[in-house]
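# based on what follows, work out the 3D shape:
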Amino acid sequence: FLDRDGTLNKEVGYLDHLDRFELYPWTIDAVRLLNRAGFIVVVVTNQAGVARGLLSERFLSDLHQHMTELFAVGGAKIDRIYYCPHHPDQSKCLCRKPNSLLVEKAIARFGVDSKDSFFIERTKTKRLSSIARLAFIEITIASLPIKSIRLMWLSKLTLIHGQFNLAATCSMCVDFPVPW
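Numbering: from 1, shown residues only. The predicted structure follows:
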């Protein structure tokens with residue numbers, strides 16, 4: 001499971017035009033690595049800009065289609081993109097992270113074994129705390145304390161020149177299976 005903004009593509013605030021969408025240089029390689037290792041690759045993203053009227057669901061669909069085409073050209077595949085369009089202050093939906101509904105849908109749809117799953121995101125603040133059965137590798141850009149030494153080690157190892165690097169993290173998911 002991958003977060004979208006700040007993990008796959010550069011964070012630009014509300015992404016409301018295709019010309020503002022820019023994948024990190026390592027993103028396609030990272031997803032291709034996960035594909036080759038047999039992982040199902042699912043993107044789970046909060047998109048409150050829809051509820052705020054800053055972007056339409058049609059635009060979001062077009063953006064996600066564009067994104068999957070970029071991956072395909074690079075020989076990588078996103079199996080599915082799930083998003084929550086709800087406003088965090090106006091809705092008590094179950095699909096908005098940190099709630100677990102979108103991840104649970106993906107688990108059911110693809111028959112994913114959650115014990116062998118990872119959720120990769122750029123910051124600790126989006127932790128999917130309600131999904132206790134998933135194993136997490138949290139990526140932190142700031143030097144925030146992380147409760148697990150193993151997670152801290154992974155987050156430090158995946159910072160390259162002070163920037164989060166998804167490819168390095170995905171490499172660890174492939175090379176170091178979940179130990180619990």
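# residue 59 belongs to a helix, doesn't it?
Yes. Counting by DSSP: H, G, I helix; E, B strand; the rest coil, residue 59 is located in a helix.
# isn't it up against residue 16?
Yes. In this structure residue 59 lies within contact range of residue 16 using CB atoms under 8 Å: 6.9 Å. Backbone N, C-alpha and C define where each C-beta goes, glycine included.
# which stretches of the protein form helices?
For the chain, the helices defined by DSSP state H occupy 27-36, 57-73, 101-110, 149-157, 166-175.
# among these, which gets the worst mean confidence?
Among those, helix 149-157 carries the lowest mean pLDDT, a mean of 33.
# any idea how far residue 28 is from residue 112?
Taking CB to CB, to the nearest Å as the measure, residue 112 falls 22 Å from residue 28.
# cool, and residue 4?
In terms of CB to CB, residue 4 sits 14 Å off from residue 28.
# so for stretch 93-107, what gets flagged as buried?
95-97, 99-104, 106-107 (16 or more other CB atoms under 10 Å).
# likewise for stretch 12-26?
15, 21, 23-24, 26.
# first to last residue in that stretch, what's the distance?
Here the two ends of stretch 12-26 are set 18 Å apart, with distance taken as CA to CA, to the nearest Å.
# ditto for stretch 44-56
For stretch 44-56, the end-to-end distance is 18 Å (CA to CA).
# mean confidence score for that stretch?
94.
# contacts for it?
With contacts defined as CB atoms under 8 Å, 6 or more residues apart in numbering, stretch 44-56 is touched by 1-5, 14-16, 57, 60, 81-88, 90-91, 96-97, 102-103, 106, 119, 126.
# select only the buried ones of those in PyMOL?
To isolate the buried members of the contacts of stretch 44-56 in PyMOL, using 16+ other CB under 10 Å:
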select buried, resi 1+2+3+4+5+15+60+81+82+83+84+85+86+96+97+102+103+106+119+126
